[in-house]
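In: Got a sequence here, can you model it:
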Amino acid sequence: MIRPATAAPLCDKLGFAGLLAKCNRGEPIEVTLASGKPLGKPEVTLQSGAYYVMKISADGSAELAITGASFFRAIWMNEIVINGIEVRPMAVDSLEFDEAGVAAMSFIAIKPGSYEVRIPNTTSDSQKMTITIQ
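Out: Okay, here's the model as predicted:
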């Protein structure tokens, strides 16, 4: 489990970068999309006001997606980077991988609560991740 910081933001002097400052960054969140394999750590805890990067890697073993609309609406999305292309979306419901690839989503955790991201249409606990924002 990712250890939360003691207070938001993670550093006292944010400077010109504000919440995106290097000192305000939490540990990266790793997500793997692979047929029959766990999504990642079953539980992740984030600190409201801190900046995070979620790295989503697909191995191409199947056409897979990750969904979690309630989580995606509880964060401020900075950008999603796919093959070097930066996308700055207003909202996201899911990301789907038709083949192997990597997407990196950077965001600031905002709304405290417990949220779930998962591979759609699956029932196994290994195919979901619970993300708690404190």
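
In: who's in contact with the residue positioned nearest the centre of the chain?
Out: In the chain, the C-alpha nearest the mean C-alpha coordinate belongs to Met54, at 3.7 Å (CA atoms, centre = their mean). Contact analysis of Met54 by CB atoms under 8 Å, 6 or more residues apart in numbering lists 28-29, 31, 104-107. C-betas here are computed from N, CA, C, even on glycine.

In: For the chain, give me the ranges with low pLDDT.
Out: Scanning the chain with the threshold set as pLDDT under 70 gives 1-10, 12-17.

In: need the strands for it, in chain order.
Out: All strands of the chain, identified by DSSP state E, fall at 29-33, 43-46, 51-58, 64-67, 75-82, 85-87, 94-97, 101-109, 113-118, 128-133.

In: Using a markdown table, please lay out those together with distance to Ala21.
Out: Shown next, in a markdown table, are those (distance: least, CB to CB, whole Å):
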| stretch | distance to Ala21 |
| --- | --- |
| strand 29-33 | 19 |
| strand 43-46 | 17 |
| strand 51-58 | 8 |
| strand 64-67 | 28 |
| strand 75-82 | 13 |
| strand 85-87 | 19 |
| strand 94-97 | 27 |
| strand 101-109 | 11 |
| strand 113-118 | 25 |
| strand 128-133 | 19 |
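
In: For Lys22, which of these is the nearest?
Out: strand 51-58 (8.8 Å; CB to CB).
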